[in-house]
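Participant: Sequence and predicted structure, then a few things I'm wondering about:
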Amino acid sequence: MVINNKNSILLVIDMQNSFLHPDGTMSKLGFDCKKLRDAIPGSEELVEKARLNEIPIIFTQYVYHPDFKDGGWLVDEISPELRDVKLCVKGTWDADNYQTLYPQKNDVIIEKNRPSAFISTQLESYLNAMLIENIFVCGVTANMCVETTVRDACQRDFRVFLAKDAIAEVDDDRMKVALLAMEYFFAKVLNVQEIIQLWNKK
Amino acid sequence: MIKNILSRTALLVVDMQNGFLGENGGMAKLGFDSKLLQKAIPGCVELVQIARQKNTPVIFTQYLYEKDFRDGGIQVEEIFPGIKEVGLCAIGSHDSLIIDELKPKTSEIIIEKNRPSSFYSTRLETYLRSQKINNLVICGVTTNICVETTARDSAQRDFGTYVVSDAVAEVDDFRHTISLKALEHMFAKIVTVKDVTETWLKKNS
């Protein structure tokens, strides 16, 4: 296994006001954003240490068109309430990154309108162009956008390291099974400190 | 009655192979209880039978690795090397064959894959688009891994995605139950064999 800070990135998934702020749309949908905020301290620490170790950071943002014409099956048929509360509409405060996890000038931002950060986005071409082999993952929500992205990354033969204490989910059972499934066949599951130790050794 | 699956719909039968379902298959050799996965068989058999009777296309996926597992990648090399040790679903092996009860007809499409998703690096999507198929009814194994990864991909590609709860199975009951809950949360309509067959039996064809 070859891990160095040149062939690794930190992928910060959907750490947006919508999911994390008490005034965000997830709270309007009746979900407890307090649970999702569990991912904040770990993600902040990973971002800070990634910058110190010169590991590139890619932020994903869940972004829908204002009229949700890009919502498709997920919005039209499964969760129409996303449209009702206007979840993560492009250009709104809701879609913006949470204040303490804000991208800086040299970071890459990947906009997506599906749970997977790989579907219809530039993520894969960035990873290939940057010769990335290892993806360190944090963000929300564990069972939805994080897990879908991790399944896709691993199937594309990127080595995934999941920061189990820097991800969060609104439902405890789904959090448990997300970790079980990802560890079973898609990722190496570590905690934030173990990841930072890996980075510091290089 | 599920109106959407009356037309432009295919039945996708995921990985119903000896490697997963056989008592001496690769999964059994890895220590998993193949009896738990066999629970998917009767539902799959019924769905395939009614689909054929009503001219709904049936598509089978087949998990296949090269004999030396050079195509296994990170999943085989680093996460689950046991797969290589037991020769799970190696090309040409008995393990890789679709079970006798669900033997594909020569006219039916078989999608070979070497990753959990039936969409990744396969010809499934181009086949569906060219046939103007908009909806997938998904059955097979295992619920939390290949079925769920495939259903997530299907939904994100905007196919109407229907997962048949009593025609899928997993080696772990908790992962089975919560997997269906996760799919229902954002990706798929969860339906039963009865819902699907009753709908298809109303078709005129």
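Facilitator: Yes, it's here.
Participant: Check the offset of stretch B:12-22 from the chain's centre.
Facilitator: Remark: stretch B:12-22 is offset 7 Å from the chain centroid, using Cα atoms, centre = their mean, to the nearest Å.
Participant: And that stretch, end to end?
Facilitator: Using Cα to Cα, to the nearest Å, the span of stretch B:12-22 from its first residue to its last is 20 Å.
Participant: Ok, stretch A:85-100 next?
Facilitator: One end of stretch A:85-100 to the other measures 24 Å (Cα to Cα).
Participant: is it anywhere near chain B?
Facilitator: No. Among the residues of stretch A:85-100, none lie within reach of chain B under Cβ under 8 Å from any Cβ of the partner chain; the closest is 11.8 Å away. C-beta here means a position set from N, CA and C on the backbone, and glycine is covered the same way.
Participant: Can you tell me what sits against that stretch?
Facilitator: Taking Cβ atoms under 8 Å, 6 or more residues apart in numbering or on different chains as the criterion, the residues outside stretch A:85-100 that touch it are A:15-18, A:20-21, A:24-26, A:28-29, A:40, A:44, A:59, A:61-66, A:103, A:111.
Participant: Go ahead and build a PyMOL selection from the buried members of these.
Facilitator: Selecting only the buried members of the contacts of stretch A:85-100 in PyMOL, with burial defined as 16 or more other Cβ atoms under 10 Å in any protein chain shown, works like this:
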select buried, chain A and resi 15+16+17+18+20+21+24+25+26+28+29+40+44+59+61+62+63+64+103+111
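Participant: Okay, and which of the contacts of stretch A:85-100 map to strands?
Facilitator: Using DSSP state E to define strands, the subset of these located there is A:F59, A:Q61, A:Y62, A:E111.
Participant: just those residues now: which is nearest chain B?
Facilitator: Taking Cβ to the nearest Cβ as the measure, A:Y62 is the one of the ones in strands among the contacts of stretch A:85-100 closest to chain B, at 11.7 Å.
Participant: show me what contacts that closest one?
Facilitator: Residues counted as contacts of A:Y62 (Cβ under 8 Å, 6+ apart) are A:D14, A:Q16, A:S18, A:L87, A:C88, A:A95, A:K112, A:N113, A:C145.
Participant: rerun at 6 Å
Facilitator: Shown here is A:Y62, whose contacts under the criterion Cβ atoms under 6 Å, 6 or more residues apart in numbering or on different chains are A:D14, A:C88.
Participant: swap in the one 4 residues further on?
Facilitator: Residues counted as contacts of A:P66 (Cβ under 6 Å, 6+ apart) are A:V89.
Participant: From chain B, how far off is it?
Facilitator: 19 Å (Cβ to the nearest Cβ, to the nearest Å).
Participant: what does A:E44 give?
Facilitator: If you go by Cβ to the nearest Cβ, the gap between A:E44 and chain B works out to 27 Å.
Participant: For that residue, give me the pLDDT.
Facilitator: The score at A:E44 is 98. That number is its pLDDT.
Participant: Spatially nearest residue to it (excluding sequence neighbours)?
Facilitator: For A:E44, the nearest residue in space outside its immediate sequence neighbours is A:T100; the separation is 5.6 Å by Cβ to Cβ, 6 or more residues apart in numbering or on different chains.
Participant: Let me know how buried the one you found is, in neighbour terms.
Facilitator: By the other Cβ atoms under 10 Å in any protein chain shown criterion, the neighbourhood of A:T100 contains 12 residues.
Participant: ok, A:S116 touching A:T148?
Facilitator: Yes. Under the criterion of Cβ atoms under 6 Å, A:S116 makes contact with A:T148 at 4.4 Å.
Participant: more neighbours, these two?
Facilitator: Of the pair A:S116 and A:T148, A:T148 is the one with more neighbours under other Cβ under 10 Å, namely 26 against 22.
Participant: and residue 141, what is it in contact with?
Facilitator: Using chain A. Residues touching A:T141, when contacts are defined by Cβ under 6 Å, 6+ apart, comprise A:E169.
Participant: Correction: the question concerned chain B.
Facilitator: Contact partners of B:V141, counting by Cβ under 6 Å, 6+ apart, are B:D15, B:F20, B:L37, B:A40, B:A169.
Participant: Tell me the spacing between B:R157 and chain A.
Facilitator: Shown here: B:R157 relative to chain A, a distance of 7 Å by Cβ to the nearest Cβ.
Participant: Can you report phi and psi for that residue?
Facilitator: Dihedral angles of B:R157 (phi, psi; degrees, to the nearest 10) stand at phi -90, psi 10.
Participant: So for residue 73, what's the nearest residue that isn't a sequence neighbour?
Facilitator: This is for chain A. Closest residue in space to A:W73, ignoring its immediate chain neighbours: B:D158 at 4.7 Å, by Cβ to Cβ, 6+ apart.
Participant: Let me rephrase: I mean chain B.
Facilitator: Distances taken as Cβ to Cβ, 6+ apart put A:D157 closest to B:G73, at 4.3 Å, once the chain neighbours are dropped.
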